[in-house]
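K.L.:
Fold the following, please.
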Amino acid sequence: MQALDASEVRKRLAENGEFTVNDILDDEDDWEAMVDDAPTNANESAETSNTALSAETKSQEETETDSAIDNVIPTGCGVIVVKDGKILIGTRKDKGLVCGPGGHIEMGETPEDAAIRETREEFGINIANIIPITLISGMPDQYCPSQVFLCTEYYGEPICFNTEMENARFEDVGTVLNMNLFLP
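P.N.:
Numbers count the residues shown, from 1 in each chain. Reported below is the predicted structural model:
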């Protein structure tokens, strides 16, 4: 399973608020173009070598950061449900803050299982083919480390029929970012 880099998702959302997972994956490096741009002389080869060393150093730093994240065990989950470039949100009945589906991972439950359960409980839809996009950690103590998933395929019509959420709707990302948000 491919996991998307969260920075790519944020970049695409910031551009125009609309994207598909395939748009992001299609923006990855074009391997054929990289072969076509291979160095043709010694000077160009040296420059490429220096660039490669920089890339290798950056990759090593990212790997060290990734291994620190790998030690974090998520105790919560969140789901970004996307339809027609908009994301699913609702309003929490307890504080009036806006959020998407998510919550605590129960004992014996995987983050994926929790994401499916929480989305069904809060918005009445069944999600499919969820993609892990990031792990949020390092937040204040009142928040838990949360695995965030992207979902573009679901079944049912979102409706909040429980005591926790109300007013299920899809909104543009820009609009959501200006709302009072409930943090994970």
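K.L.:
Look up how far T175 lies from the nearest residue to P145 once chain neighbours are set aside.
P.N.:
Closest residue to P145 apart from its sequence neighbours, by Cβ to Cβ, 6 or more residues apart in numbering: S137 at 4.0 Å. For the C-beta atoms, the positions are set from N, CA and C on the backbone; glycine is no exception. Using Cβ to Cβ, to the nearest Å, S137 is found at 27 Å from T175.
K.L.:
Just name the shakiest helix or strand of this structure by mean pLDDT.
P.N.:
The weakest-scoring helix or strand in the chain, judged by mean pLDDT, DSSP states H and E, is helix 31-36 (a mean of 40).
K.L.:
returning to what we had before: so the residue nearest to P145 makes contact with T75?
P.N.:
No. If you go by Cβ atoms under 8 Å, S137 and T75 don't touch, sitting 10.0 Å apart.
K.L.:
for the host helix or strand of A114, packing partners?
P.N.:
In the assignment (DSSP states H and E), A114 maps to helix 111-123. Counting contacts by 3 or more Cβ pairs under 8 Å, 6 or more residues apart in numbering; DSSP states H and E, helix 111-123 is packed against strand 76-83, strand 86-92, strand 102-104, strand 126-128, strand 146-151, strand 165-171.
K.L.:
Packed most tightly, which of those strands would that be?
P.N.:
Stretch with highest mean neighbour count among the helices and strands packed on helix 111-123: strand 146-151 (a mean of 25; mean count of other Cβ atoms under 10 Å).
K.L.:
and that strand with strand 76-83, angle?
P.N.:
Calculated by axes from the mean of the first three to the mean of the last three Cα atoms, to 10 degrees, strand 146-151 forms an angle of 20 degrees with strand 76-83.
K.L.:
Adjacent strands (with direction) for strand 146-151?
P.N.:
strand 76-83 (parallel), strand 131-136 (antiparallel) (DSSP bridges).
K.L.:
For I125, find the nearest of those strands.
P.N.:
Taking Cβ to Cβ, strand 76-83 is the member of the strands paired with strand 146-151 nearest to I125, at 7.5 Å.
K.L.:
if I read this right, D84 contacts E171, doesn't it?
P.N.:
No. With contacts counted by Cβ under 8 Å, D84 stays clear of E171, the gap being 11.2 Å.
K.L.:
shared neighbours of those two, anything?
P.N.:
Shared contacts of D84 and E171, defined by Cβ atoms under 8 Å, 6 or more residues apart in numbering, are absent.
K.L.:
hang on, the earlier thing: and S137 and T175? which has more neighbours close in?
P.N.:
Ranked by neighbour count (other Cβ atoms under 10 Å), S137 and T175 place S137 first, with 18 against 13.
K.L.:
how near is that one to C99?
P.N.:
18 Å.
K.L.:
what do you get for N180?
P.N.:
From N180 over to C99 the distance is 10 Å, taken as Cβ to Cβ.
K.L.:
more neighbours, these two?
P.N.:
Taking other Cβ under 10 Å, N180 and C99 do not tie; C99 has more neighbours (22 against 11).
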